[in-house]
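K.L.:
Coordinates for the following, if possible.
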Amino acid sequence: MKIKKNDNVIVIAGKDRGKTGKVTRALPREDKVIIAGVNIRKIHKKVSKNRKQGEIIEQSFPMHVSNVMIIDPKTSKKTRIGYKVIGKEKTRIAKKSGSPIA
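P.N.:
Numbers count the residues shown, from 1 in each chain. Below you'll find the model as predicted:
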C-alpha cells in the first residue's frame, strides 16, 4: 500500500468525492485508510458507568485505498505515487511533478 499515515489525500470515488483530508490511520491488511473528516457515520452509544446519558457520536470510518489519491505537494493536485532510489534510500515521489513526498 503506497498511502501512509499523515499523507494528504483527495477522495476520487464515493459519496465524499472531492473532499480532502489527512490520513489518520492506515490499515494495510485490509487495504483501507481512515481520513479525518471524511466518510463520517453516526454511532449510537449506550449509557454506561462513564456516561450518564446515551449519545450520538460522529466518527470517521475506513475507506478503501483505491478510492483515494495522494495530493502532490508541489502542484496541490491529485497524483500517482512512484519510487526513486537516491543513494541507499528509497523515497516516494509524485508522478506528475517528480517532487518527493514526505
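K.L.:
Now do the helices in the chain.
P.N.:
Ranges of helices in the chain, per DSSP state H: none exist.
K.L.:
so where's the longest strand in it?
P.N.:
strand 20-27 (DSSP state E).
K.L.:
So for the most centrally placed residue in the chain, what's the pLDDT?
P.N.:
For the chain, the residue nearest the mean C-alpha position is Val23 (3.3 Å; CA atoms, centre = their mean). With respect to pLDDT, Val23 scores 98.
K.L.:
swap in Lys52?
P.N.:
On the pLDDT scale, Lys52 gets 86.
K.L.:
That one and Lys46, how far apart?
P.N.:
12 Å (CB to CB, to the nearest Å). (C-beta placed from N, C-alpha, C; glycine too.)
K.L.:
Do you have the strands of this protein handy? List them.
P.N.:
Using DSSP E, strands in the chain cover 8-11, 20-27, 32-35, 40-45, 55-60, 63-64, 68-71, 78-79, 81-86, 89-94.
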